[in-house]
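Chemist: after the sequence you'll find the predicted model.
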Amino acid sequence: MQQRVNTSKERVEAIFNNQMPDRPAIGFYAIDSDTAGKILGRETYWRAKAKSQIAFWEGRRDEVIQSWIEDGIELYKKLDLIDIVPACCESAGVCPPKNYKPDPPRKIDDATWEGKDGKIYRYSPITRDITIIEDPAAKLGMINLDKEMWDGEIILPDESIFEVVDAFISAFGNDRFVLGRAGDELAWFLPGGMEIGLMEMALRPEQVKQVYLSKVARANAHDKYYIRRGQPAVLWGTDISCQNGPMLSPKMYRDLFLEGFSQRIASVKTFGQKVIKHMCGNNWPILDMMAEAGIDCYQSIQQSAGMDIAEVQKQYKDKFVVWGGMPVEYLIGGTMDDVRRAVQKVMTEVAPNGRFIFGTSHSVAVGTNYDNFMAMTDELNKFI
């Protein structure tokens with residue numbers, strides 16, 4: 001039976017309540033700066049990761065936050081077909097506090113910086129992001145797991161870090177489904193980063209688990225300070241898998257992390273939150289555990305990694321909502337016809353089965369062809 005709705009927010013709530021809405025809901029994990037700038041008709045800091053980071057380093061915090069608020073709100077007002085508004089993503093969500101005094105790294109060249117702690121940062125023109133490429137402290141045998149244990153201290157956040165999130169809730173909270181954040185996600189724990197973390201799991205699994213559960217306890221204790229009044233859901237974005245499957249064995253995930261992640265989900269649900277889990281990659285081997293942990297929605301269903309959204313929906317419809325249907329590869333490197341056919345396929349074959357939100361795998365990512373994005377929205381309008 002179709003549920004009568006009056007707002008985008010009610011439409012998404014109906015989907016989570018296992019009811020058929022008046023039409024499929026539409027949302028994206030994020031809309032990156034190049035596409036956002038073309039929609040706005042100007043340059044923006046919105047989801048401009050490197051540009052925002054450099055501006056923070058240079059002490060221009062308020063300039064960035066003004067853009068995140070004004071440009072972000074204008075962006076989603078222009079895209080009025082979108083039902084879900086994320087206010088929690090990097091370079092568009094929680095921000096440095098007012099009177100932020102940066103201790104910037106030293107610039108080595110146009111694309112490289114060195115921090116006082118020896119960390120090396122590098123700009124990637126492909127992702128337009130700045131990442132740590134070398135950390136002298138993250139070496140096998142140098143990770144002091146005891147220092148990673150939570151000491152029980154509650155650290156209250158500066159309320160100004162929620163300036164952007166609160167502005168979005170104020171602008172859209174009554175009508176659209178605004179996604180916020182909570183304490184740390186902690187889908188899993190990688191002390192020292194990916195390579196060192198995986199080695200630590202293999203060499204010291206019990207210690208890793210002990211530290212991880214202490215971090216879970218810390219995050220649970222801090223949820224009430226980070227979950228904002230007016231947000232109905234939390235969006236978490238840590239990937240666990242790559243193209244070919246999980247980055248650790250399913251057994252290791254169950255042994256080390258499932259208990260703690262289940263506790264994280266249970267904690268945020270005590271605040272009335274739905275839990276939306278973004279996961280790129282081939283997640284088939286761990287989907288049963290994600291369902292067991294209690295996620296309400298699986299976002300970023302990556303067709304190119306073997307995740308067929310129709311099959312995921314068929315197997316897990318009674319467990320969680322599926323959110324996806326548009327391969328981001330089509331938006332970046334496909335044709336407008338590819339994009340239109342993908343919209344038609346998911347809207348005719350998946351949407352009628354319910355428990356479905358239309359979106360892209362991952363996000364509307366850097367490098368998206370603007371004509372392809374507009375073809376997608378045009379085709380979507382035929383179904384709404």
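Modeler: Received it, and whenever you're ready, just let me know what you need.

Chemist: in the stretch 201-350 of the chain, what residue spans correspond to strands?
Modeler: 233-236, 241-242, 245-246, 274-278, 297-299, 321-326 (DSSP state E, counting those that start in this stretch).

Chemist: quick one: mean pLDDT for the third one?
Modeler: Meaning strand 245-246. Confidence for strand 245-246, expressed as mean pLDDT, is 97.

Chemist: likewise for the second one?
Modeler: Taken as a whole, strand 241-242 has a mean pLDDT of 96.

Chemist: repeat for the last one
Modeler: Computed over strand 321-326, the mean pLDDT rounds to 98.

Chemist: of all the strands of the stretch 201-350 of the chain, which one comes closest to Gly118?
Modeler: strand 241-242 (28.1 Å; Cβ to Cβ). For glycine as for every other residue, the C-beta is placed from the backbone atoms N, C-alpha and C.

Chemist: okay, now the sheet partners of that closest one, with direction.
Modeler: strand 245-246 (antiparallel) (DSSP bridges).

Chemist: ok, back up a step: make a markdown table out of the strands of the stretch 201-350 of the chain and add mean neighbour count and distance to Pro97.
Modeler: Below are the strands of the stretch 201-350 of the chain laid out as a markdown table (neighbours: other Cβ atoms under 10 Å; distance: least, Cβ to Cβ, whole Å):
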| stretch | mean neighbour count | distance to Pro97 |
| --- | --- | --- |
| strand 233-236 | 25 | 21 |
| strand 241-242 | 16 | 34 |
| strand 245-246 | 20 | 36 |
| strand 274-278 | 24 | 26 |
| strand 297-299 | 25 | 29 |
| strand 321-326 | 26 | 32 |
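
Chemist: so can I have a markdown table of those strands showing distance to Arg47?
Modeler: Output for the strands of the stretch 201-350 of the chain, formatted as a markdown table (distance: least, Cβ to Cβ, whole Å):
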| stretch | distance to Arg47 |
| --- | --- |
| strand 233-236 | 14 |
| strand 241-242 | 23 |
| strand 245-246 | 27 |
| strand 274-278 | 15 |
| strand 297-299 | 16 |
| strand 321-326 | 18 |
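
Chemist: where does Ile155 sit, in terms of helix or strand?
Modeler: Per DSSP states H and E: Ile155 is located in neither a helix nor a strand.

Chemist: ok, it - contacts?
Modeler: Shown in contact with Ile155 (Cβ atoms under 8 Å, 6 or more residues apart in numbering): His222.

Chemist: quick revisit: nearest to Asp129, out of the strands of the stretch 201-350 of the chain?
Modeler: strand 274-278 (16.5 Å).

Chemist: what are the boundaries of the helices in the chain?
Modeler: 8-16, 33-40, 49-57, 61-78, 163-172, 194-203, 205-226, 250-253, 259-269, 287-293, 309-316, 328-333, 336-349, 370-381 (DSSP state H).

Chemist: give me the helices and strands touching the second one, please.
Modeler: Helix 33-40 is packed against helix 61-78, helix 370-381, with contacts defined by 3 or more Cβ pairs under 8 Å, 6 or more residues apart in numbering; DSSP states H and E.
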